[in-house]
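**Q** no letters, just coordinates:
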């Protein structure tokens with residue numbers, strides 16, 4: 001079995017404990033100055049009832065806690081977009097685009 005996407009699959013699996021109604025995990029490593037096929041930079045969009053009534057900081061702390069092994073290891077950056085279902089509906093399912101990496105050099 002290939003190790004390709006191993007970190008991404010681990011992130012997706014671990015975040016299932018939040019019972020998301022919507023979850024996307026995008027490997028954005030290719031947008032940064034890292035070797036090909038790296039799994040170091042991710043963007044997570046997650047919608048969960050668990051986030052209802054929690055501040056943005058508390059939601060992000062919860063995600064960091066769940067992904068503590070990945071953050072301590074291979075993941076260098078994790079962009080989080082965490083929403084309650086109500087917030088997601090208000091945003092019409094739109095999330096901000098990730099910025100270009102300033103250190104990429106192209």
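**A** Ah, there it is. None of these values were measured; they are calculated from a predicted model.

**Q** what secondary structure does the residue nearest to the spatial centre of the chain sit in?
**A** Closest to where the C-alpha atoms of the chain average out (C-alpha atoms, centre = their mean) is residue 44, at 2.2 Å. Under DSSP: H, G, I helix; E, B strand; the rest coil, residue 44 falls in the strand class.

**Q** so what pairs up with it in the strands?
**A** With DSSP bridges as the criterion, residue 44 is bridged to residue 25, residue 80.

**Q** ranges for the strands of the protein?
**A** 22-27, 41-47, 77-83 (DSSP state E).

**Q** ok and the second one relative to strand 22-27, angle-wise?
**A** For strand 41-47 against strand 22-27, the angle by axes from the mean of the first three to the mean of the last three C-alpha atoms, to 10 degrees is 180 degrees.

**Q** pLDDT weak spots in this protein?
**A** 1-4, 29-40, 98-106 (pLDDT under 70).

**Q** rerun at 50
**A** Residues of the chain that meet the criterion pLDDT under 50 lie in 1-2, 104-106.

**Q** my guess is residue 91 contacts residue 85, does it?
**A** No. With contacts counted by C-beta atoms under 8 Å, residue 91 stays clear of residue 85, the gap being 10.9 Å. For the C-beta atoms, the positions are set from N, CA and C on the backbone; glycine is no exception.
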